[in-house]
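1. Here is a sequence together with a model predicted from it:
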Amino acid sequence: MANIIQMKSIILIILLLGGTGRHMGRPLQAMDQQLAGGGLLISEIMPDPDPAVGLPPYEFVEWYNAGGDTVNLTDWQWVVGDKVRRVGGGRVTPGGYVIVCSPAAAPAFRALGQVIAMESFPALRNTGERLTLLNPAGIAVHTVEYSPDQFTDVLKANGGWSLELADPSQLCSAAAWLPSVDPSGGTPGRANSQQVTVPPAEPPMLIRAAGYDDQRFVLLFSGTLNPAVDVNNYACILMPGGIYASAVPSPEYGFPGLFFHLPDSLDQGLTYTIELNGSVNDCSGQNARLRPVELGFPSRPDSAGVVITEVMFDPRTGQTEFVEVYNRSERVVDLKDLILARADAEGAIMSFSDQQVLSYWLFPECYAVFTGDAKLFTKAWPMADPAVVAERPDMPSLTNEESQLILMDRDQKKLDAVTYSPDWHYPYLKENKGVSLERINVDASGTDPANWFSASAASGGSTPGSKNSSSLNPPIPASQHFSLDPVIGYSAISPDPVQVAVSYRFENTGWFMRMNIYNREGLPVREIFPFGMASMEGIVCWDGLDAAQRLVPDGIYLVVADYYHPSGKKGRWKRACAIVRAY
């Protein structure tokens, strides 16, 4: 049997193939060794050969035998998206390459190396596609999802250049795929033009559960899993009740996640906590990070449930547009049942989104984010939980002019409507780009300009998937605007930083603030909050270092906050604290 390998996908949610118990009784340890040792893998992809740089103007993929045995390709299968093609035959010797293309392209590539002319060779979409290589037993030995985002050079993204696997030892790392630097645009039939060493990918993390159909649900991960993982190595338990959910085969090639049968004994009025126990690892042997996730039975959405709470319509370079929603009801709502539409200022719908591959169970008092690019969102907001992302390939483009956003159910009944405009941003901002508009009160009208405010500078300009920096809080006396905790900063080991936290809270939006640390002589030590707009509430921390990032001496220090409002209100708060270390 050929060696079995799993490839890191180039998007956020990656593919989990195999894992179905179809490993013919082979021990997991032996299969892990084969994964580490090598085998037949996808090594080069040319999805857009036009304009040709120096290669024949045809699409191709290249397979490379990284193992020590000759691979007989008879009865192997090649999967592009949902298209499956059987490989007619051929052999790949150890260290050998084979170029796979259409019969029409085969004569042009034969001068470059061994060629397999595949009948009805599936087209490779320029926008990206999932590719899978199956051995004669039907087991996925390698899968990868390429994307135009991998072409960081805009000239190469225009066509004529291939993507190459630059580090075959790190199949779990997206950084292992790079655009070719060969002058011809690619290296079909020979060693790839780039040989780099990349660090291991982060271990995959369990993100969330999602419904697949009436009988099955799926657990989604943030990274690739070992396709040789035996279903007997892990167990899925639902609480309360300790109900066992049995694993089932993946219903289609490359579908993201581990699949399970939905137990018949579940109470549809309850929310269950899923615990995945046992051994689940990635293709480099790293154990997946498991955490409890929830399973629920969604109710029909209505106007009392999901509302729009934040809009990022003018992102910075490297960010993406998004629309945040919040479930203010006590019921689970499936975001797949919602339509998101953009309308002009007069209410005429200009575009809408109703495509979502998987269900998304939005639980009470939880946030989610609609975006057209989950991968870019995750890079731009690494602190956001990846579970909040609800990717939509048909996400409406958000204009930088007054517009409306409308949430509807599948019957096109309006559930929520908001208006946004660049003019609603705080007038004292230096720049609006990269700053979202946040809804202050989820129960107040979404079309009222007074119910929207710019996200604070302290939050980084946006708060996707979490409580808004401008969310409404009950007013409190001015004397309770600030608190210091602890009064004494203490570290048991002298080189460790000391943490002193100042909590603050304002009764309305629009406050600007500056916070500084002074020593007992009144000399400035560190500015811990440069002058800027504050959130309605937040925390400012001091790590016991001065402006030059040096440990300050033990002693008494003064924390001073000056705060201002355009209405003319202002104030000063100060408290003493002590820095004490154990030597």
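-> Arrived safely, thanks for sending. It should be emphasised that the depicted structure is a prediction, and the values quoted were computed from it without experimental measurement.
2. helix, strand or coil for the residue nearest to the spatial centre of the chain?
-> Nearest to the mean C-alpha position of the chain, by CA atoms, centre = their mean, lies residue 378 at 3.9 Å. Secondary structure, DSSP: H, G, I helix; E, B strand; the rest coil: residue 378 is helix.
3. Now do it against residue 391, distance only.
-> Residue 378 sits 10 Å away from residue 391, going by CB to CB, to the nearest Å. For glycine as for every other residue, the C-beta is placed from the backbone atoms N, C-alpha and C.
4. ditto for residue 564
-> With CB to CB as the criterion, residue 564 and residue 391 are 41 Å apart.
5. tell me which element residue 132 falls in.
-> In the assignment (DSSP states H and E), residue 132 maps to strand 129-134.
6. Residue 51 contacts residue 158, doesn't it?
-> Yes - between residue 51 and residue 158 there is a contact under CB atoms under 8 Å: 7.5 Å.
7. Next, residue 451: phi, psi?
-> Residue 451 adopts backbone torsions of phi -100, psi 10, taken as degrees, to the nearest 10.
8. burial measure for the nearest residue to it once chain neighbours are set aside, as a count.
-> Nearest residue to residue 451 in three dimensions, chain neighbours excluded: residue 444, at 4.7 Å (CB to CB, 6 or more residues apart in numbering). Neighbourhood size, residue 444 [other CB atoms under 10 Å]: 13.
9. gap between residue 444 and residue 368?
-> Counting by CB to CB, the gap from residue 444 to residue 368 is 21 Å.
10. likewise residue 415?
-> Taken as CB to CB, the span from residue 415 to residue 368 is 14 Å.
11. of the two, who's got more company?
-> Neighbours were counted for residue 415 and for residue 368 using other CB under 10 Å; residue 368 has more, 24 against 19.
12. The more buried one pairs with what?
-> In this structure, residue 368 bridges to residue 325 when assessed by DSSP bridges.
13. my guess is it meets residue 359, correct?
-> No - using CB under 8 Å, residue 368 is not in contact with residue 359; the gap is 11.8 Å.
14. so what's in contact with the two at the same time?
-> Taking CB atoms under 8 Å, 6 or more residues apart in numbering as the criterion, residue 368 and residue 359 both touch residue 335.
15. Okay, now the unreliable bits of the stretch 151-300 of the chain?
-> Residues of the stretch 151-300 of the chain that meet the criterion pLDDT under 70 lie in 172, 227-228, 253-256.
16. just the helices in it please.
-> Counting by DSSP state H, counting those that start in this stretch, the stretch 151-300 of the chain has helices at residues 154-157.
17. Next: the stretch 451-583 of the chain.
-> Using DSSP H, counting those that start in this stretch, helices in the stretch 451-583 of the chain do not occur.
18. what residue ranges in it score low on pLDDT?
-> Judged by pLDDT under 70, the stretches of the stretch 451-583 of the chain that qualify are 472-480, 485-499, 581-583.
19. if I look at residue 66, how far off is residue 105?
-> For residue 66, the distance to residue 105 (CB to CB) stands at 25 Å.
20. element containing the residue nearest to residue 373 when sequence neighbours are not counted?
-> Sequence neighbours aside, residue 320 is the residue nearest to residue 373 in space, at 4.7 Å (criterion: CB to CB, 6+ apart). Using DSSP H and E, residue 320 is not contained in any helix or strand.
21. and what of the one 3 residues further on?
-> Residue 323 is part of strand 322-327 when elements are defined by DSSP H and E.
22. Off-centre distance for that strand?
-> Here strand 322-327 shows a centroid-to-chain-centroid distance of 16 Å under the convention CA atoms, centre = their mean, to the nearest Å.
23. Kindly report the same for stretch 330-342.
-> The answer for stretch 330-342 is 20 Å, by CA atoms, centre = their mean.
24. Format the CA atom coordinates belonging to it as CSV.
-> What follows is stretch 330-342 as a C-alpha-only set of coordinates in CSV (Å, rounded to 0.1, in the frame of the first residue of the first chain):
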residue,chain,number,x,y,z
GLU,A,330,-32.9,32.8,24.6
ARG,A,331,-33.1,30.5,21.6
VAL,A,332,-30.5,29.0,19.3
VAL,A,333,-30.6,30.4,15.7
ASP,A,334,-29.0,28.9,12.6
LEU,A,335,-27.4,31.7,10.6
LYS,A,336,-27.8,29.5,7.5
ASP,A,337,-31.5,30.4,7.7
LEU,A,338,-30.7,34.2,7.4
ILE,A,339,-30.3,36.4,4.4
LEU,A,340,-28.0,39.5,4.7
ALA,A,341,-28.8,42.3,2.2
ARG,A,342,-27.3,45.7,1.5
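25. List the buried residues for it?
-> 331-342 (16 or more other CB atoms under 10 Å).
26. need the residues you listed in a markdown table with secondary structure, can you?
-> Converted to a markdown table, the buried residues of stretch 330-342 look like this (three-state DSSP):
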| residue | secondary structure |
| --- | --- |
| 331 | coil |
| 332 | coil |
| 333 | strand |
| 334 | strand |
| 335 | helix |
| 336 | helix |
| 337 | helix |
| 338 | strand |
| 339 | strand |
| 340 | strand |
| 341 | strand |
| 342 | strand |
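27. quick one, what contacts the nearest residue to residue 298 once chain neighbours are set aside?
-> Take residue 298 and drop its neighbours on the chain: the residue closest to it by CB to CB, 6+ apart is residue 334, 3.8 Å away. Shown in contact with residue 334 (CB under 8 Å, 6+ apart): 211, 298, 301, 359-362.
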